[in-house]
Structures are given as structure tokens and as C-alpha cells.
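Student: Here is my input; please provide its structure:
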Amino acid sequence: MNTIRIIFPLAAHFDWKLLQYEVKNAFLHGDLEEEIYMNIPLGFEGDKKGKVCKPQKALYGRKQSPGV
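Tutor: This is a model prediction of the structure:
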């Protein structure tokens, strides 16, 4: 919080443009280091019998994604 309290007044004084980024998506495009499979997601249209999904990229919130 101290950094925020310093940056905001500096930005106002020097007329800096401030940008905000959402960092929760940082790991959505990370490559997987291991082979994982998951159940077919809801909304899939077609025959689900005997099928699973094999993600090519890391999924946020799963144990295989970095930073979790």
C-alpha cells in the first residue's frame, strides 16, 4: 500500500497516464509440463461417450497451473 500512496500523488503531479491490468489471466496461456485429462465441460454438443478433454494450455485454478 505504501507504493500506491507514493505512485498516485506522483502521477497526479507529473500528469502521468495510469493503466490498470488484470493479472488473474497471467497463467491462462502457459504451456503444460505434463499430460493431463479432464471431463468434457458442460455445454459440449455431440457424443460424450468415452471422450475426455486434453488441454494444451494451463488452466487457471488447477493444480497443474503455475502459481496455484
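
Student: what does the average pLDDT come to for stretch 31-48?
Tutor: In this model, stretch 31-48 has an average pLDDT of 81.

Student: Can you give me the buried ones in that stretch?
Tutor: Residues of stretch 31-48 include none that count as buried (16 or more other C-beta atoms under 10 Å). (C-beta placed from N, C-alpha, C; glycine too.)

Student: Next, the distance between the ends of that stretch.
Tutor: With C-alpha to C-alpha, to the nearest Å as the measure, stretch 31-48 spans 26 Å from end to end.

Student: can you check stretch 33-49 too?
Tutor: Stretch 33-49: ends 28 Å apart by C-alpha to C-alpha.

Student: same check, this time on stretch 31-40
Tutor: End-to-end distance of stretch 31-40 (C-alpha to C-alpha): 20 Å.

Student: Likewise for stretch 34-42?
Tutor: Start to finish, the residues bounding stretch 34-42 are 24 Å apart (C-alpha to C-alpha).

Student: Neighbours of residue 54, how many?
Tutor: Applying other C-beta atoms under 10 Å, we find 9 residues neighbouring residue 54.

Student: meant to ask about residue 5
Tutor: Neighbourhood size, residue 5 [other C-beta under 10 Å]: 8.

Student: measure residue 12 to residue 20 for me?
Tutor: Remark: distance between residue 12 and residue 20 (C-beta to C-beta, to the nearest Å) = 16 Å.

Student: Wait, residue 51 touches residue 40, no?
Tutor: Yes. If you go by C-beta atoms under 8 Å, residue 51 and residue 40 touch, sitting 5.9 Å apart.

Student: if we can go back for a sec, which one's more surrounded, residue 12 and residue 20?
Tutor: The neighbour count for residue 12 versus residue 20, taken as other C-beta under 10 Å, is higher for residue 12 (10 against 5).

Student: What ranges does the protein have for its helices?
Tutor: 2-14 (DSSP state H).

Student: thinking residue 16 is in contact with residue 8, fair?
Tutor: No. At 9.8 Å, residue 16 and residue 8 do not qualify as touching, with contact defined as C-beta under 8 Å.

Student: In contact with the residue nearest to residue 48 when sequence neighbours are not counted, which residues?
Tutor: The shortest distance from residue 48 to any non-neighbouring residue, by C-beta to C-beta, 6 or more residues apart in numbering, is to residue 40 (4.9 Å). Applying C-beta atoms under 8 Å, 6 or more residues apart in numbering to residue 40 gives the contacts 48, 51, 52, 53.
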